[in-house]
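Visitor: need coordinates for the following:
(one chain, ligands or ions: 1)
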Amino acid sequence: MSADLLTRRAALIGATALLAPLAPNILLGAPNPSGKTSLLKLDGNENPYGPSPAARQAILASVGEAPRYADETIASLTNQLAAREGVAPSQIVIGAGSGELLKMAGILAVTSLSGAEVVASRPTYEELPVFAQALGLKVQWVAPDTDHRHDLSAMRAAITPLTHLVYVCNPNNPTGTAVTRDALETFIRSVPVSCTIIVDEAYVDLADQSGVATVAALVNQVPNVVVLRTFSKLHGLAGLRIGYAIAPAELAQRLTALSLTWPNSTGLAAAIASFNDHSYLKATRAALTGDRAKVHATLDRMGLHRADAQGNFVFFDTGGPLKRFQDRMLAEGIKVGRHFDGYDTWARVTIGLHQEVDRFLHTLPRALSGN
Ligand SMILES: Cc1ncc(COP(=O)(O)O)c(C=O)c1O
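Guide: Sure thing, here's the model as predicted:
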């Protein structure tokens, strides 16, 4: 194929990708060519609005970088993140999603102290605690408070000299609840410095509850706190696997030494572009939080018990077995989240596009009937 033909083909493919609906799920509720309505996935806490226009351009343009290892792009994103967070570049660790960093934190614990233990709330996002168990670490699970929030006093009380890691997910998945920045700072400062606190802020950009905010600034004041963020949620880049840690320099260095793989060049390019696409991020945040409030209002009108959602998903009590609710929703073409221990009748539902949220709310009374 001639270089000219290649260029023309690339231009055509590029144009198609850029013109593709910004929201890939937009088609999910429509009949597919077979005439069947395809599945509406509201179970994965993904962002249906997808990458920003600038990120889409960057994804296409990144093809030329594919043959190279991404050292320079890692450095660019690291510098950008460091400047935004007010830390040195050496305090940023980029991972293949924050999932890689959660696993690196588990390895950090296992390699630091024989018989180390982990403290975590339950239910929570399980990637770190479950990986820690697979590494042979014991996890001390702590029940949430009556508002389904992390019970920070109980978590503090669960810390023993063996505890090497504490996992705080704020806002928490699956409950969606968050503790305030001040409460979290008091907790962090109360934890012995021999124990590292991992604060997972995957959803913090979507929080609007008063007093809930990032604790990233503490990495310059406290030696044992690591804050994790991801481009998978607000930025809509889950498939491209970019997350990062903000940490005190020494912990950042130790984490870097444990990294499992390299971030990919396309994800990095998309993250750099998305990071500065403020108007798109603002619009996405407004759409998701607006629809979250709408779901809250409907659940409240229906008298259903719910947690105070601060992420892109809502957790509520269906009043009957979750399996029945899941099956009824599935029969209507909607997939909702899985079961969580201790919450046998509760469902977690991800906020989709406006029309998807409307479809869910329209189906809800039927799926609940008889509960
Ligand atoms: C609280 C929380 N942390 C981390 C992750 C993992 O995100 P990533 O795609 O960055 O690995 C998720 C994914 O759903 C999550 O809910």
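
Visitor: how about the helices in the stretch 101-250 of the chain?
Guide: All helices of the stretch 101-250 of the chain, identified by DSSP state H, counting those that start in this stretch, fall at 127-134, 152-158, 181-190, 249-257.

Visitor: so which of the ones you listed gets nearest Glu65?
Guide: When these are compared by Cβ to Cβ, helix 249-257 sits nearest Glu65, at 22.0 Å. Using the backbone N, CA and C atoms, a C-beta is placed for each residue, glycine as well.

Visitor: flag every buried residue along that closest one.
Guide: Going by neighbour count (16 or more other Cβ atoms under 10 Å), the buried part of helix 249-257 is Leu251, Ala252, Arg254, Leu255, Thr256.

Visitor: returning to that earlier point: now the helices of the stretch 101-250 of the chain in CSV, with distance to Ser265 and mean pLDDT?
Guide: Below are the helices of the stretch 101-250 of the chain laid out as CSV (distance: least, Cβ to Cβ, whole Å; pLDDT from 0 to 100):
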stretch, distance to Ser265, mean pLDDT
helix 127-134, 24, 97
helix 152-158, 39, 98
helix 181-190, 35, 98
helix 249-257, 19, 97
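
Visitor: out of those helices, flag the one nearest the ligand.
Guide: Shortest distance between the ligand and those, using Cβ to the nearest ligand atom, is found for helix 127-134: 6.2 Å.

Visitor: which other helices and strands does that closest one contact?
Guide: When contacts are defined as 3 or more Cβ pairs under 8 Å, 6 or more residues apart in numbering; DSSP states H and E, helix 127-134 sits against helix 97-112, strand 117-121, strand 138-142, strand 163-169.

Visitor: and the residue nearest in space to the middle of the chain, what does it touch?
Guide: Nearest residue to the geometric centre of the chain (Cα atoms, centre = their mean): Ala202, 3.8 Å. Contacts for Ala202 (Cβ atoms under 8 Å, 6 or more residues apart in numbering) come out as Ser98, Tyr125, Cys169, Asn173, Leu228, Arg229, Thr230, Ser232, Lys233, Gly311.

Visitor: same thing with Leu281?
Guide: By Cβ under 8 Å, 6+ apart, the neighbours of Leu281 are Ser52, Asp205, Leu234, His235, Ser274.

Visitor: against Leu330, how distant is the closest residue to Pro123 other than its chain neighbours?
Guide: Leaving aside its sequence neighbours, Pro123 sits nearest to Phe340 (Cβ to Cβ, 6 or more residues apart in numbering; 4.0 Å). The gap separating Phe340 from Leu330 is 18 Å, by Cβ to Cβ, to the nearest Å.

Visitor: so which of those two has more stuff around it?
Guide: Neighbours per residue (other Cβ atoms under 10 Å) separate Phe340 from Leu330, with Phe340 holding more: 19 against 13.

Visitor: please verify my assumption that that one contacts Thr124.
Guide: No. Phe340 is beyond contact range of Thr124, at 9.1 Å (criterion: Cβ atoms under 8 Å).

Visitor: what's the overlap in contacts for those two?
Guide: Common neighbours of Phe340 and Thr124 (criterion: Cβ under 8 Å, 6+ apart): Pro174.

Visitor: for this protein, what lies in contact range of the ligand?
Guide: The chain comes close to the ligand at residues 45, 97-99, 125, 169, 173, 200, 202, 230, 232, 238, 243, as judged by Cβ under 6 Å from any ligand atom.

Visitor: to what extent is the spatially closest residue to Leu102 that is not a sequence neighbour buried, counted in neighbours?
Guide: Nearest residue to Leu102, sequence neighbours excluded (Cβ to Cβ, 6+ apart): Leu128, at 4.1 Å. Leu128: 27 surrounding residues under other Cβ under 10 Å.

Visitor: please apply the same query to the one 3 residues further on.
Guide: Counted with other Cβ under 10 Å, residues neighbouring Phe131 total 19.

Visitor: let's see if you can find the most crowded of the contacts of Ala202.
Guide: Of the contacts of Ala202, with other Cβ under 10 Å as the count, Gly311 tops at 31 neighbours.
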